[in-house]
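**Q** Here is a sequence together with a model predicted from it:
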Amino acid sequence: MGLDETRYRQAIAHFATGVTVITAVSDGRPAGMTASAVCSLSVRPVLLLVCVNNRLPTHEALERSRRFVVNVLADDHEHLARRFATPAADKFAGVDLRPEFELPVLADAMAYFICDVHERFPGGDHSIFIGEVAECAFDHRRRPLLYFRSGFGRIEDPEAYLVHDLASWERFSWPEANRE
């Protein structure tokens, strides 16, 4: 007898995560889905992982194209999180994309990671895609959209967060080539 699925869902809802939109192109058509199962994996090589439900069109797009984008949503992007979490004929209608990329990079994402599929592993009803990051960028002035207890939220005191974050980064010594 396994663990009750409902109990698991209730418990895991207490783990706060960032919110992303995973995008890809397959057969010339964009595909996208909202995802919170995303994390950094390695810096040598630069890898991240995303978990994608096997039944979704985005899964098929990643399988076919072998390339994808992780678009990190800012705290004013709940509408995008909901749009890409809901089945629709064209989730991209009215969504601004960055024209300089072949892949769908959301124009207003607070960060993005363009990845090539490095490996894929089965994970129950999902696949675990390991992406090698080919390009990324971010806007440090924005705050992330969070997912907690099956709802969206924000960091309440962004100034305290930024002060703490900057203070902790200043303790490290970075080579000049890595400073921005």
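**A** Great, that's in hand.
**Q** Run through the helices of this structure in chain order.
**A** For the chain, helices defined by DSSP state H occupy the ranges 5-12, 57-65, 78-85, 158-170.
**Q** just flag whichever of those helices has the lowest average confidence.
**A** Least confident of the helices of the chain, judged by mean pLDDT, is helix 158-170 with a mean of 52.
**Q** burial count for the spatially closest residue to Ala109 that is not a sequence neighbour?
**A** Nearest residue to Ala109, sequence neighbours excluded (Cβ to Cβ, 6 or more residues apart in numbering): Asn71, at 4.0 Å. The C-beta positions use only the backbone N, C-alpha and C, and glycine is treated the same way. By other Cβ atoms under 10 Å, the residues close to Asn71 number 30.
**Q** now Glu100
**A** Neighbour count for Glu100, taken as other Cβ under 10 Å: 6.
**Q** Quick check, pLDDT for it.
**A** For Glu100, the predicted pLDDT is 96.
**Q** Just want the most central residue of the protein.
**A** The geometric centre of the chain, computed from its C-alpha atoms, lies nearest to Thr20 (Cα atoms, centre = their mean), at 3.2 Å.
**Q** what pLDDT does it get?
**A** Per-residue confidence (pLDDT) for Thr20: 97.
**Q** Correct me if wrong: it contacts Thr34.
**A** Yes: with contact defined as Cβ atoms under 8 Å, Thr20 counts as touching Thr34 (7.3 Å).
**Q** re earlier: ok, the residue nearest to Ala109 - contacts?
**A** If you count contacts by Cβ atoms under 8 Å, 6 or more residues apart in numbering, Asn71 has them with 20-23, 105-106, 109, 111-112.
**Q** measure the residue nearest to the centre of the chain to Asp125 for me?
**A** According to Cβ to Cβ, to the nearest Å, Thr20 stands 19 Å off from Asp125.
**Q** what residue ranges in the protein are flagged as low confidence?
**A** The model of the chain has pLDDT under 70 over residues 1, 157-180.
**Q** mind running it again at 80?
**A** Residue ranges of the chain with pLDDT under 80: 1, 156-180.
**Q** if I pick Phe84, what's in contact with it?
**A** Counting by Cβ under 8 Å, 6+ apart, Phe84 has contacts 21, 32-34, 91.
**Q** CA atoms only for stretch 35-46, dumped as CSV, please.
**A** Taking C-alpha atoms only, stretch 35-46 is exported to CSV below (Å, rounded to 0.1, in the frame of the first residue of the first chain):
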residue,chain,number,x,y,z
ALA,A,35,6.3,24.7,-14.1
SER,A,36,7.6,24.9,-10.5
ALA,A,37,9.6,21.7,-10.7
VAL,A,38,12.8,23.5,-12.0
CYS,A,39,16.2,23.7,-10.3
SER,A,40,19.8,24.4,-10.8
LEU,A,41,21.8,21.1,-11.2
SER,A,42,25.5,21.9,-12.0
VAL,A,43,27.8,24.7,-12.8
ARG,A,44,30.4,22.6,-14.6
PRO,A,45,28.8,22.1,-17.1
VAL,A,46,26.0,24.6,-16.5
